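Colleague: requesting a structural model of the entry that follows:
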Amino acid sequence: MLLVKLFGHKFDYSVADTVDLILVLLLIYWFYKRIRGTLGINMFLGMLVIYGAYRMVRFFKLEVLTDLLGHFVSAGVIVIIIVFQPEIRKFLLSLGNVNVLDRYKIFRKLPFNQKQRTRQQETLIKEINRAVENLSATKTGALMVFTDHFRLQDLPNPGVQLQSHISEKLLESIFNKNSPLHDGAVIIANHRIIYAGSVLPVSESIELPERIGLRHRSAVGITENSDAISLVVSEESGNISFAYDGKLKQNISKEETLKLITNLIIGKGVTV
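Modeller: Residues are numbered from 1 along each chain as shown. Below is the predicted model of the structure:
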């Protein structure tokens, strides 16, 4: 009875109501996962508290508080758009980043195309993997960003445009400590090095270890508002890590690194 009064309608437990409730819970859970570990989680919980308080004061007919909190609830959509702009932007990007060519993958699976693509992919995997192993062995800091949908406007300082083929020697020369580009990131899209020396957004997530440096925070930062995947080599230890969807997995093995690079090149994403 209390629930009926609080929410203003009867629960007849129809199939439609059940589906509706499940979808709302899934939406809340999805949104919670997106902002967990960020400052936005406190704002999100605060908004839930305000909405719950509004329902309670309306139930107890506290007119002044109902009117006051009602204004906050009415402006809730605008507040959500302003406060959670990065999360909403990332969601819309994930919906809109559809490569037109990917809709016609059947043509890419023709025997003569598939065989050539396989050879090219194997070469790329070997070149990148050898470069990462060498950078790790020499404790040379490196940051590579893999993405299918790079847009120049996504980065305030994208660095130097290269548009070059990927090779072991080129990657090692870019991240060489004497190179003017070694502190920035390499942007890899469509199996080519698009930019080098790119300055990436730095993550402020409170879930990241305090001891990690700017390179690792940048690796995470670029993945918080895009579908990019970052591969990073530590300058201090030579350890290899990767970032995806705002999360960082550190100290992965050589086998895991090879598997990750392979999945990135053939388009399977992160399965490490």
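
Colleague: can you tell me how far I222 sits from T138?
Modeller: 24 Å (CB to CB, to the nearest Å). To be clear about C-beta, it is placed using only N, CA and C from the backbone, and glycine gets the same treatment.

Colleague: more neighbours: which of the two?
Modeller: I222 (25 against 14; other CB atoms under 10 Å).

Colleague: just checking, what packs against the one helix or strand that one maps to?
Modeller: When elements are assigned from DSSP states H and E, I222 belongs to helix 214-224. Packing contacts for helix 214-224, counted by 3 or more CB pairs under 8 Å, 6 or more residues apart in numbering; DSSP states H and E, involve strand 142-146, strand 185-189, strand 229-233, strand 240-244, strand 247-252.

Colleague: quick one: the ones you listed as JSON lines, columns for distance to I125, mean pLDDT and mean neighbour count too.
Modeller: Below are the helices and strands packed on helix 214-224 laid out as JSON lines (distance: least, CB to CB, whole Å; pLDDT from 0 to 100; neighbours: other CB atoms under 10 Å):
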{"stretch": "strand 142-146", "distance to I125": "12", "mean pLDDT": "95", "mean neighbour count": "25"}
{"stretch": "strand 185-189", "distance to I125": "12", "mean pLDDT": "93", "mean neighbour count": "24"}
{"stretch": "strand 229-233", "distance to I125": "13", "mean pLDDT": "95", "mean neighbour count": "25"}
{"stretch": "strand 240-244", "distance to I125": "15", "mean pLDDT": "94", "mean neighbour count": "23"}
{"stretch": "strand 247-252", "distance to I125": "16", "mean pLDDT": "94", "mean neighbour count": "16"}
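
Colleague: with distance to A131 added, can I get these in TSV?
Modeller: Output for the helices and strands packed on helix 214-224, formatted as TSV (distance: least, CB to CB, whole Å):
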stretch	distance to A131
strand 142-146	8
strand 185-189	10
strand 229-233	10
strand 240-244	12
strand 247-252	16
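
Colleague: rewinding a little: give me the contact list for the helix holding I222.
Modeller: 86, 90, 141, 143, 145, 185, 199-203, 205, 208, 228-232, 234-235, 241-248, 250 (CB atoms under 8 Å, 6 or more residues apart in numbering).

Colleague: if we can go back for a sec, I22: which of the helices and strands packed on helix 214-224 is closest?
Modeller: Of all the helices and strands packed on helix 214-224, strand 247-252 sits nearest to I22, with 26.1 Å by CB to CB.

Colleague: now the following helix or strand past the closest one and strand 185-189, what's the angle there?
Modeller: Sequence-wise, the next helix or strand downstream of strand 247-252 (DSSP H and E) is helix 254-266. Using axes from the mean of the first three to the mean of the last three CA atoms, to 10 degrees, the inter-axis angle of helix 254-266 relative to strand 185-189 is 50 degrees.

Colleague: okay then, goodbye and thanks.
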